[in-house]
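Peer 1: Just need the structure, nothing else, for what follows:
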Amino acid sequence: MGLEDTLDHLLWAGERIVDGDTLPDQKKITKFVEEVTAKDIQRIAAGIFRNEDMHLALIGPVDGALQKKIKSEFEIAT
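Peer 2: Coordinates of the predicted model:
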């Protein structure tokens, strides 16, 4: 995602050239991205988003109905 900015992209390309690397072919990049499956994304996400590392903070008025809904959908530590 850091390569979305034009300057970042050109700096990355320049570093590769200075290091003696070649720039990857656009078709190879496209093929590599298209080979990613939903299972690949789920596997990576499962390692990043773990319940024990999640925290939720709510600010503002929360009525009883919304509070019950939140508690039923999330494991709330008290």
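Peer 1: Just the pLDDT for L3.
Peer 2: L3 carries a pLDDT score of 52 in this model.
Peer 1: what does A65 give?
Peer 2: 90.
Peer 1: which SSE is it in?
Peer 2: For A65, the element it lies in under DSSP states H and E is helix 64-73.
Peer 1: Who are the packing partners of that helix?
Peer 2: The contact analysis (3 or more Cβ pairs under 8 Å, 6 or more residues apart in numbering; DSSP states H and E) places helix 64-73 against no helix or strand. The way it works is simple: take the backbone N, C-alpha and C, and place the C-beta from them, glycine included.
Peer 1: Let me see the ranges of the helices in the chain.
Peer 2: For the chain, the helices defined by DSSP state H occupy 6-18, 26-34, 38-48, 64-73.
Peer 1: Could you dump the ones you listed into TSV and include distance to M54 and mean neighbour count?
Peer 2: Formatted as TSV, the helices of the chain follow (distance: least, Cβ to Cβ, whole Å; neighbours: other Cβ atoms under 10 Å):
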stretch	distance to M54	mean neighbour count
helix 6-18	30	11
helix 26-34	28	9
helix 38-48	11	9
helix 64-73	12	10
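Peer 1: what's the spacing between the most far-flung residue of the chain relative to its centre and F74?
Peer 2: Relative to the mean C-alpha coordinate of the chain, counting by Cα atoms, centre = their mean, the farthest residue is G64 (33.1 Å). Using Cβ to Cβ, to the nearest Å, G64 is found at 16 Å from F74.
Peer 1: Could you do E52 as well?
Peer 2: 13 Å.
Peer 1: So between these two, which is more surrounded?
Peer 2: F74 (11 against 5; other Cβ atoms under 10 Å).
Peer 1: Check what pLDDT the closest residue to the more buried one other than its chain neighbours gets.
Peer 2: Spatial nearest neighbour of F74, excluding adjacent residues (Cβ to Cβ, 6 or more residues apart in numbering): L56 at 6.4 Å. Per-residue pLDDT puts L56 at 72.
Peer 1: if I pick the residue positioned nearest the centre of the chain, what's in contact with it?
Peer 2: The C-alpha lying nearest the average C-alpha coordinate of the chain belongs to A45 (Cα atoms, centre = their mean; 7.8 Å). By Cβ atoms under 8 Å, 6 or more residues apart in numbering, no residues touch A45.
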